[in-house]
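Novice: what follows is a predicted structure for the sequence shown.
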Amino acid sequence: MLDLDPTALGLEIGGGAVIGGVIGFAAKKIAKLLAIIVGVQLMAFRYLESQGIIIVDWNRLSAGLLKTQARAGDAANSHWVQSLLSTLSIGAGFTGGFLIGFRRG
């Protein structure tokens with residue numbers, strides 16, 4: 001039979017929720033900033049390309065992004081059940097806190 005300490009379990013879930021909330025809030029702020037930076041950069045590339053100053057190979061640029069996405073998907077398939085079970089107590093609180101912080105950010 002499993003010997004679970006409810007106090008320690010509560011502290012792990014609560015601590016994970018607090019940390020997740022802070023990280024979720026910060027992640028949304030950083031994501032907004034990065035979206036603005038990337039958008040301005042792409043607009044600058046389009047403008048410079050329309051003026052004939054630079055030449056951008058858009059197909060090559062997007063192919064690199066698609067290859068990175070495929071590699072990340074392959075790495076996620078290796079023994080995810082074992083990882084999930086080992087971090088469930090902290091991960092559950094962290095996930096809830098992250099979602100709340102991301103939504104409020």
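Specialist: Nice, thanks for sending it over.
Novice: so which elements touch the host helix or strand of Ala35?
Specialist: Assigned by DSSP states H and E, Ala35 belongs to helix 6-50. Judged by 3 or more CB pairs under 8 Å, 6 or more residues apart in numbering; DSSP states H and E, the packing partners of helix 6-50 are helix 88-104. (Glycine included, C-beta is placed from N, CA and C.)
Novice: other SSEs contacting the helix it packs on?
Specialist: For helix 88-104, the packing partners by 3+ CB pairs under 8 Å, 6+ apart are helix 6-50.
Novice: quick check: angle from the helix it packs on to helix 88-104?
Specialist: 50 degrees (axes from the mean of the first three to the mean of the last three CA atoms, to 10 degrees).
Novice: got any ranges where this protein has weak pLDDT?
Specialist: 1-4, 61, 63-91 (pLDDT under 70).
Novice: go with 90
Specialist: For the chain, applying pLDDT under 90 flags the ranges 1-21, 23-25, 28, 31-32, 34-36, 38-105.
Novice: check contacts around Ala27.
Specialist: Shown in contact with Ala27 (CB atoms under 8 Å, 6 or more residues apart in numbering): Phe98, Gly101, Phe102, Gly105.
Novice: using JSON lines, please lay out the residues you listed together with distance to Val22.
Specialist: Shown next, in JSON lines, are the contacts of Ala27 (distance: CB to CB, whole Å):
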{"residue": "Phe98", "distance to Val22": "9"}
{"residue": "Gly101", "distance to Val22": "6"}
{"residue": "Phe102", "distance to Val22": "11"}
{"residue": "Gly105", "distance to Val22": "10"}
